[in-house]
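Asks: What shape does this take:
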Amino acid sequence: MAMVNYPMRSIVGLFDPLPYYSQAAPPLFNLLCSAAALLPPVAGRLLLALFVMAGLFWAVARAYGPRLALPAIALLSGLVPALTIYATELKFYGLEMAGVAIIIAWFLTKSRRAPFGGVDVLILAGAMICGLSSVLIAGITVALWAGLAFARRRRLAPSELAWAALLALLAVGYYALIQRGTTIQMHNFPNAYGLEGIDVAKLFSLSIYRLFGNRTILIAIVLLINLADYRSAGTQKLFAIIAAVLLVCAILAAVGLYPAIAPRHVAWANAFALMLVANALRFLIGALPRLDRTKRIAVMLPLAGIAVAATGVTAIKATTMHFTTEDNGRLVAWLAKPRTEPIGLWAGTQPVIEYYSAYEPAIKRNRYFGTTNRRSARIPNEFLTEDFLDEPHDEIGDVIEARRDDPGGYDLRVIYLMVQNDRPPADALIAEAPRDTPFFIATSHADWESPLSFSRQSRTALVGALDAADCSHALELQGKEIFVLKATCPAS
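Replies: Sure thing, here's the model as predicted:
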């Protein structure tokens, strides 16, 4: 969805809210995506992944040496798919992971005795602009380092305070730019960004768990290996920064200042997992000389095998777009085939067509219905009040559908998410469909079989609207987060 906003038309646009679909991204990512948009989708993903992996490699190499960088990245990528998923996704979360990894590496390698200076500011400022959460994490990290340095030295030099003040000024300026760029998105998604309370802190913790999913057990094993090296100063520093960041973020989430409630919001946790893997490898390799030859082989062979297999699997999955959330490639291939029947657009299909039409012009030849105005616009405040949201859903639908061609028409559909009812837009789509002649309904961002609430809500509403209009329908195409129905509705 975000990619239809690129390439940017001006330098100023890098700092503004994105013009379509209430999307937002950091200026650096806007610049990179403007370049990626000039390439085919797979090449664009690989370009972004190259920047992400380069940042991760630099961070691990700085903290643990270049010989451990590639094995650590390969191990985590292969064993915990979240790293590669976000590294190859056309969103800024992968770049943010790299920025946070650089911040962690700075903390791990920065001596408490060494003065804080211009080089530190350059590294941290460069890492901050890689994302949004990276600003907060950089602030936490510098504050922790300063506290430890003061405890060690009992003073901070005036020059250090001056450089820290400059970094703070840069952070505030960058935060102001972020606020400007995210103003529409933050307003239009109060269900994601307007929450607070202890439940939000719980959601923050749950999001980290969901980020790793059933691979959390592997992260737990890596943690245990690190705990075996608890006497190491480097391991203690790594645990300290992890604890500080998680604690501060949870507190800020609880008071409504850090709305991280989904795995993508905490994708930066992959950077901490990567450093834990690298530190575990350092510990295991360092312990090898103390083992006899048989034990060394017993340790190294499985690690080497896992690293090689993980690298190969990750490379294959990345180049075949296995890590994409939706199988939009299949949907686009289907849309590109010649056909005369009109096609209704359901769920997230409209931005998919807009993005891929630049690379597959054949999909422009289809006749589409069910479109809405994609221009970003603030949702009127009265539509976000409890009084409006408590109205009968059909009355809410009448108000929203009457504005579908106005700027912000697509953005208004978040209201249906908030009331957890997609039936009004489904009824509007079927009402727009032709009668007594076959047509298709193409769907992206929703799965035909998934039990997850979003897919179930979207699927149930669409089928309910078809049944209510006495339409016959059958599944034409099914894939990961996509499906196409062929239907015929009788004249009323």
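Asks: Where does the residue nearest to the spatial centre of the chain sit: helix, strand or coil?
Replies: In the chain, the C-alpha nearest the mean C-alpha coordinate belongs to residue 264, at 3.7 Å (C-alpha atoms, centre = their mean). What DSSP: H, G, I helix; E, B strand; the rest coil gives for residue 264 is helix.
Asks: in the stretch 51-200 of the chain, which spans are helices?
Replies: 66-79, 82-88, 93-109, 118-128, 133-153, 158-188, 190-193, 198-212 (DSSP state H, counting those that start in this stretch).
Asks: Out of those, which gets nearest to residue 278?
Replies: helix 66-79 (3.9 Å; C-beta to C-beta). Glycine gets a C-beta too; all of them are placed from N, C-alpha and C.
Asks: Tell me the buried residues in that closest one?
Replies: For helix 66-79, a neighbour-count test (16 or more other C-beta atoms under 10 Å) marks 68-69, 71-79 as buried.
Asks: and residue 429, how many residues sit next to it?
Replies: 21 (other C-beta atoms under 10 Å).
Asks: who does the helix or strand harbouring it touch, helix- and strand-wise?
Replies: Using DSSP states H and E, residue 429 maps to helix 423-432. For helix 423-432, the packing partners by 3 or more C-beta pairs under 8 Å, 6 or more residues apart in numbering; DSSP states H and E come out as strand 343-347, helix 393-401, helix 453-468.
Asks: can we see that at 7 Å?
Replies: helix 393-401, helix 453-468 (3 or more C-beta pairs under 7 Å, 6 or more residues apart in numbering; DSSP states H and E).
Asks: Just put the ones you listed in CSV and tack on distance to residue 148.
Replies: Output for the helices and strands packed on helix 423-432, formatted as CSV (distance: least, C-beta to C-beta, whole Å):
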stretch, distance to residue 148
helix 393-401, 53
helix 453-468, 44
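Asks: returning to that earlier point: let's have the buried residues of helix 66-79 in TSV, adding distance to residue 44 and pLDDT.
Replies: Compiled in TSV, the buried residues of helix 66-79 are given as follows (distance: C-beta to C-beta, whole Å; pLDDT from 0 to 100):
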residue	distance to residue 44	pLDDT
68	30	91
69	25	92
71	28	87
72	26	91
73	21	90
74	23	85
75	27	85
76	23	88
77	19	84
78	23	79
79	26	79
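Asks: Residue 86: which of those is nearest?
Replies: residue 77 (10.8 Å).
Asks: any idea how far the residue nearest to the centre of the chain is from residue 63?
Replies: Here residue 264 is placed at a distance of 25 Å from residue 63 (C-beta to C-beta, to the nearest Å).
Asks: do the same with residue 15
Replies: 32 Å.
Asks: When these two are compared, which one has more neighbours?
Replies: residue 63 (26 against 16).
Asks: Could you pull up the residues touching that one?
Replies: 105, 108-109, 275, 278 (C-beta atoms under 7 Å, 6 or more residues apart in numbering).
Asks: Recalculate using a threshold of 8 Å.
Replies: 104-105, 108-109, 275, 278 (C-beta atoms under 8 Å, 6 or more residues apart in numbering).
Asks: what bits of the stretch 251-400 of the chain have low per-residue confidence?
Replies: 288-326 (pLDDT under 70).
Asks: before we move on, the earlier item: which of the helices of the stretch 51-200 of the chain has the lowest mean pLDDT?
Replies: If you rank these by mean pLDDT, helix 190-193 sits at the bottom with a mean of 72.
Asks: What is that one packed up against?
Replies: helix 414-419.
Asks: Tell me how far the helix it packs on lies from the chain's centre.
Replies: Relative to the centre of its chain, helix 414-419 is centred 21 Å away, using C-alpha atoms, centre = their mean, to the nearest Å.
Asks: Tell me which residues are up against that helix.
Replies: Contacts for helix 414-419 (C-beta under 8 Å, 6+ apart): 22, 188-191, 379, 383, 389, 393, 396-397, 400, 422, 424-425, 454.
Asks: any idea how far residue 409 is from the residue lying closest to residue 191 once chain neighbours are set aside?
Replies: Distances taken as C-beta to C-beta, 6 or more residues apart in numbering place residue 418 nearest to residue 191, at 5.1 Å, with adjacent residues excluded. Residue 418 sits 16 Å away from residue 409, going by C-beta to C-beta.
Asks: Looking at those two, which is more packed in?
Replies: residue 409 (19 against 15).
Asks: what's near enough to touch that one?
Replies: Contacts of residue 409 (C-beta under 8 Å, 6+ apart): 372-375, 403.
Asks: what about 7 Å?
Replies: 372-373, 403.
Asks: cool, and residue 190?
Replies: Contacts for residue 190 (C-beta under 7 Å, 6+ apart) come out as residue 384.
Asks: Report the separation between it and residue 453.
Replies: 18 Å.
Asks: Following the record's annotation, map out the domains of the protein.
Replies: 2-319, 328-488 (automatic domain parsing).
Asks: could you dump the contacts of residue 409 to CSV with secondary structure?
Replies: Formatted as CSV, these follow (three-state DSSP):
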residue, secondary structure
372, coil
373, coil
403, coil
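Asks: Just the buried subset of the contacts of helix 414-419, please.
Replies: Of the contacts of helix 414-419, these count as buried by 16+ other C-beta under 10 Å: 22, 188-189, 379, 383, 393, 396-397, 400, 422, 424-425, 454.
Asks: so which of those residues comes closest to residue 140?
Replies: residue 189 (25.0 Å).
Asks: So the closest one versus residue 418, what's the distance?
Replies: Distance from residue 189 to residue 418, by C-beta to C-beta: 9 Å.
Asks: mind checking how far residue 431 is from residue 390?
Replies: Where residue 390 is concerned, residue 431 sits at a distance of 25 Å (C-beta to C-beta).
Asks: neighbour-wise, which of the two wins?
Replies: residue 431 (12 against 9).
Asks: Setting aside sequence neighbours, what's the nearest residue to that one?
Replies: residue 469 (7.9 Å).
Asks: Can you give me the pLDDT of that neighbour?
Replies: Confidence for residue 469, expressed as pLDDT, is 94.
Asks: shouldn't it be in contact with residue 487?
Replies: No. In this structure residue 469 lies outside contact range of residue 487 using C-beta atoms under 7 Å: 9.1 Å.
Asks: More neighbours: which of those two?
Replies: residue 487 (21 against 16).
Asks: residues contacting that one?
Replies: Contacts of residue 487 (C-beta under 7 Å, 6+ apart): 439, 441, 466, 471-473.
Asks: Let's verify the nearest residue to it once chain neighbours are set aside: helix, strand, or coil?
Replies: Leaving aside its sequence neighbours, residue 487 sits nearest to residue 473 (C-beta to C-beta, 6+ apart; 3.9 Å). Of the three states, residue 473 takes strand under three-state DSSP.
Asks: Who are the contact partners of residue 473?
Replies: Residue 473 touches 466, 485-487, counting by C-beta under 7 Å, 6+ apart.
Asks: Taking those residues, please make a ChimeraX selection of just the buried ones.
Replies: In ChimeraX, this line selects whichever of the contacts of residue 473 come out buried by 16+ other C-beta under 10 Å:
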select :466,485,487
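Asks: And the contacts of residue 473, which two are furthest apart?
Replies: 466 and 486 (10.9 Å).
Asks: coming back round to it: for residue 282, find the nearest of the helices of the stretch 51-200 of the chain.
Replies: Across those, closest to residue 282 is helix 66-79 (C-beta to C-beta), at 6.2 Å.
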